[in-house]
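**Q** Sequence and predicted structure are below.
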Amino acid sequence: MAKDKSAGEGLSRRAFLKTCGAAGLGAMAISFGVPTLLKAQPKPIKIGSIQPATGPLAVIGQGQRRGNQMAVDFINAKGGIKSLGGAKLELVLGDSETKSEVGRSEADRLIKDGAVVLVGAFESGTGMAVATLAEQRGLPFLVDVATLDDITQKGYKYTFRIFPTSTAFAQRGTDFIKEIMAAKKLSPKRAVVTYVGDAFGKTQGGFFIKHFKAANTGIEIVEEISYPLGIPDLSGEVAKIKAAKPDLLFPICRPGDSMILTRELYKQRVELMGIISPGSPGWYEPSVVRDLDKLALYVMDNVPWVNPSSPVYQEANKLFEEKYKAYLDTNTGWAYTGVLVIADALERAASIDPDKIVAAFKATNFKDHPMVGDAVQFAPNGDNKNATTAMVQVLPEADPLKRVKVVLPKKFAQAEFTFPAPQLWDRG
Amino acid sequence: MRRLYLLLGLLLLVLLLLPLVLDKYALGIFVMIFFYAYLGQSWNVLTGYTGHISLGHALYVGIGAYVSTFLAQKFGLSPWLGMLAGGLLATAVGLGLGFLGFRFGLRGVYFVILTISCAEIARLAVSHIDAVGSFSGIFLDFNPGFYNFQFRGNVPYYYISLGFMVLGSLAVHLLARSRTGRLMVAIREDEQAALALGVNSFKYSMTAIGISAFMTSLAGTFYANYVYYLSPNSMFGMGLSIDLILRPIIGGLGTVLGPIIGSFVLTPLSEVSRAYFAKGGLEGMHLVLYGVLAILVVLFMRQGILVYIKRALKPLLKLED
């Protein structure tokens, strides 16, 4: 027993020393080797993306994630953030479930996971919750898409927005309508505004009506019609429109009701000079354009659209089509731009310190983006001074995917606008 | 029973010390656990103890949130006081609703419909009142300070929500052991028998709905100053009404600890699974998991999780029943 034990001890001691030596050498090798490895490959910079990936806005939210991710891939393919040793970007994903409190909690999680900048949130409620959290935690937040003015009117230091506000939508929409009428020497007298009765429709409609009335266009809004989201039939509403005898219709829709509305206008033979949306979905989506076919033609929509002549857009759109079988539109385009603007700020900040990133945001002058409008520059309140919209029109073209064209402003136009539009039933 | 109190005391001590070791995100999860536990507890007073099923409790959350926020924005009133004002209005509304229901003997699904429709009416009404932001809701200003009920870090929110949960549960515990509480349970078990024994069913049902509405509305003020955004759909909608009753149902209806246990199970489950499935391509998987768990509990643990925990701890805690 005793012999065995001592033999065992002797052996183990020897083995122990050997192991120690080997481990020591190994540790030295590692401690010398690792920092050089780290130097060669800087730690990725994490960007937290909070989008409504599930819930009622899931389809849009997942598109937004793709827009964010594509831009991250684009920056990484070009060598990452050069001023930080070529550090790669990494998108960490949060899902707001289209609920404000979930968005807040997700943002907190992404910060814990090491996000240095947040991007999101599509829906204004979540945008507000995340903006307040960014202020509480002292971390920059870039709003890629969300319209309600309030988000940037709280005096927050850490929140920036590249998307146009509701006010900007209303002003631009009104200006475009004036421009169209002046160009064609038309003086319509009566208009009807319809809007879907959810938060977006009510706000977008309310702002537009207020601005339009104040703008002295000579066009009187004779009727305002609101209906609930998801309504299966609009015959009553369209009868009201017909009775009001408008020259113009200004609808604010969601994709479903825009189709019902147009078909009903056709059925009831409502005579109009044209349909001009002050800024809403429902008119430019491939599915809508394809399904409504001739009925969708000549509709105009005032949206912050992609700039077809921008090389950045062409490159991004090609990749987007290859990867996701969809084209870059107003929402995904801004999601893409959001990450580009963040990368630009990181490049100039040459740091991941939140206050240095904020300082870099303030000095932003970012021209190489895929959207309509001049360089992204932030006003003191954090809004993009040059955020703007374009007037797009659905024009005849064999391929439905090519029908949506920018017609105004002239600088970005792909085609001349057609106005007044032929009546819905006069289209062969 | 004494050992149970000892155990609960120990757990409370642990909870009190947690902010020393947890990061902001983890604290945020606890805030949501306490918040939903408190909401479940408030709902429990009415449905768990008197058996009148309310599927419109978001109504009172909304009233609490909107009243305190409105008073703070318009008159600079501290939300701590606004919270009481909201509570009083919620109580009045609850009593009005209760009067309609109990006076005319609405039972079962008919009472459910009454509660749902009142919440929906409130949601639609608030959606059209411009003074409270109509459809787009209210965006709160962020001015940190105790007076404003607003804080930079999560620690104050943690202790406030913990306080809500503990005091709320204590109140329900005391109520449950009082004469009033026992009469409420009598109404739940067999209203006809209770009436026959001379229990004033109307009076005790009204008491229950009044207390429940008051308690629920306080949570609304907390939510407003934690999330900083109120919208008619999120504050008065069916989604919240259902969210807030899931905890007591899963935990155990008509018990003081049920809503707390339910919240400690469900809230982290939804947070952790959401974080786990956060990678792209699995969007919504966490919701599926959440739904499956809820179904399993309802199928196999009809009286809630609490019963099983009690059974497991029985020898240790020397529980009576």
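**A** Great, that's in hand.

**Q** what ranges do the strands span in chain B?
**A** Here chain B has its strands, by DSSP state E, at B:138-139, B:229-230.

**Q** what does the stretch 1-150 of chain A give?
**A** With DSSP state E, counting those that start in this stretch, the ranges of strands along the stretch 1-150 of chain A come out as A:45-51, A:89-95, A:115-120, A:141-143.

**Q** can those strands go into TSV with extra columns for mean pLDDT?
**A** Shown next, in TSV, are the strands of the stretch 1-150 of chain A (pLDDT from 0 to 100):
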stretch	mean pLDDT
strand A:45-51	95
strand A:89-95	94
strand A:115-120	96
strand A:141-143	97
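
**Q** mind putting those in TSV, mean neighbour count included?
**A** In this view, the C-beta of every residue, glycine as well, is placed from N, C-alpha and C. Converted to TSV, the strands of the stretch 1-150 of chain A look like this (neighbours: other Cβ atoms under 10 Å in any protein chain shown):
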stretch	mean neighbour count
strand A:45-51	28
strand A:89-95	23
strand A:115-120	27
strand A:141-143	27
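
**Q** Identify the residues contacting residue 278.
**A** Reading this off chain A. Contact analysis of A:Pro278 by Cβ atoms under 8 Å, 6 or more residues apart in numbering or on different chains lists A:169-170, A:173-174, A:193, A:204-205, A:208, A:212, A:250, A:252, A:302.

**Q** Please refer instead to chain B.
**A** B:Ala278 sits next to A:92-95 when contact means Cβ under 8 Å, 6+ apart.

**Q** B:Gly96 now?
**A** Applying Cβ under 8 Å, 6+ apart, no residues qualify as near B:Gly96.

**Q** what pairs with the closest residue to A:Lys240 other than its chain neighbours across the strands?
**A** Computed as Cβ to Cβ, 6 or more residues apart in numbering or on different chains, the closest residue to A:Lys240 that is not its neighbour in sequence is A:Ile225, at 5.9 Å. A:Ile225 has these beta-bridge partners by DSSP bridges: A:Thr194.

**Q** show me the contacts for A:Ile225.
**A** Going by Cβ under 8 Å, 6+ apart, A:Ile225 touches A:192-195, A:237, A:240-241.

**Q** let's see 7 Å
**A** A:Ile225 is in contact with A:192, A:194, A:237, A:240-241, counting by Cβ atoms under 7 Å, 6 or more residues apart in numbering or on different chains.

**Q** Show me which of the residues you listed are buried.
**A** The neighbour count (16 or more other Cβ atoms under 10 Å in any protein chain shown) marks A:192, A:194, A:237, A:241 as buried among these.

**Q** In helices, which of those residues fall?
**A** Per DSSP state H, helices hold the following members of these: A:237, A:241.

**Q** Let's have the buried ones among the contacts of A:Ile225 in a markdown table, adding pLDDT and distance to B:Val45.
**A** Shown next, in a markdown table, are the buried ones among the contacts of A:Ile225 (pLDDT from 0 to 100; distance: Cβ to Cβ, whole Å):
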| residue | pLDDT | distance to B:Val45 |
| --- | --- | --- |
| A:Val192 | 96 | 50 |
| A:Thr194 | 95 | 45 |
| A:Glu237 | 94 | 44 |
| A:Ile241 | 95 | 50 |
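
**Q** Compute the number of surrounding residues for the residue nearest to A:Ser49 when sequence neighbours are not counted.
**A** Closest residue to A:Ser49 apart from its sequence neighbours, by Cβ to Cβ, 6+ apart: A:Asn68 at 4.5 Å. Number of residues near A:Asn68 (other Cβ atoms under 10 Å in any protein chain shown) recorded here: 27.

**Q** And A:Asn68, how far from A:Thr337?
**A** Distance, A:Asn68 to A:Thr337, using Cβ to Cβ, to the nearest Å: 10 Å.

**Q** Kindly report the residues of the stretch 1-150 of chain B close to chain A.
**A** Taking Cβ under 7 Å from any Cβ of the partner chain as the contact definition, the stretch 1-150 of chain B meets chain A at B:23-25, B:28, B:32, B:134-137, B:139, B:141-142.

**Q** Closest one to B:Phe99 out of those residues, please.
**A** Distance to B:Phe99, by Cβ to Cβ, is smallest for B:Ser134 among these, at 29.1 Å.

**Q** ok, that closest one - contacts?
**A** Contact partners of B:Ser134, counting by Cβ under 7 Å, 6+ apart, are A:202, B:127-128.

**Q** For the buried ones among the contacts of A:Ile225, work out which two are farthest apart.
**A** Greatest spacing in the buried ones among the contacts of A:Ile225, by Cβ to Cβ: A:Val192 and A:Glu237 (9.7 Å).

**Q** Skipping its backbone neighbours, what lies nearest the residue most central in space within chain B in space?
**A** Residue closest to the mean C-alpha point of chain B, counted by Cα atoms, centre = their mean, is B:Leu39 at 0.9 Å. Computed as Cβ to Cβ, 6+ apart, the closest residue to B:Leu39 that is not its neighbour in sequence is B:Leu244, at 4.2 Å.

**Q** how many other residues sit next to the one you found?
**A** If you count neighbours by other Cβ under 10 Å, B:Leu244 ends up with 26.

**Q** residue contacts, it?
**A** Contacts of B:Leu244 (Cβ under 7 Å, 6+ apart): B:36, B:39-40, B:43, B:57.

**Q** so can I have JSON lines of those showing pLDDT?
**A** Formatted as JSON lines, those follow (pLDDT from 0 to 100):
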{"residue": "B:Tyr36", "pLDDT": "95"}
{"residue": "B:Leu39", "pLDDT": "96"}
{"residue": "B:Gly40", "pLDDT": "95"}
{"residue": "B:Trp43", "pLDDT": "95"}
{"residue": "B:His57", "pLDDT": "95"}
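
**Q** Next one: A:Thr126, what pLDDT does it get?
**A** Note for A:Thr126: predicted pLDDT of 92.

**Q** For residue 48, give me its contacts.
**A** All of this is about chain A. Counting by Cβ under 7 Å, 6+ apart, A:Gly48 has contacts A:92, A:94, A:107, A:110-111, A:115, A:118.

**Q** Please refer instead to chain B.
**A** Going by Cβ under 7 Å, 6+ apart, the list of residues near B:Gly48 reads B:248, B:253-254.

**Q** what's the neighbour count on the residue nearest to B:Ile33 when sequence neighbours are not counted?
**A** Distances taken as Cβ to Cβ, 6+ apart place B:Thr267 nearest to B:Ile33, at 4.4 Å, with adjacent residues excluded. Burial measure for B:Thr267: 23 neighbouring residues, criterion other Cβ under 10 Å.

**Q** okay, now whichever residue of the stretch 251-400 of chain A sits closest to chain B: neighbour count?
**A** As assessed by Cβ to the nearest Cβ, chain B sits closest to A:Tyr324 within the stretch 251-400 of chain A, at 11.3 Å. Neighbours of A:Tyr324 under the rule other Cβ under 10 Å: 16.

**Q** correct me, but it touches A:Arg66?
**A** Yes - counting by Cβ atoms under 7 Å, A:Tyr324 touches A:Arg66, with 5.6 Å between them.
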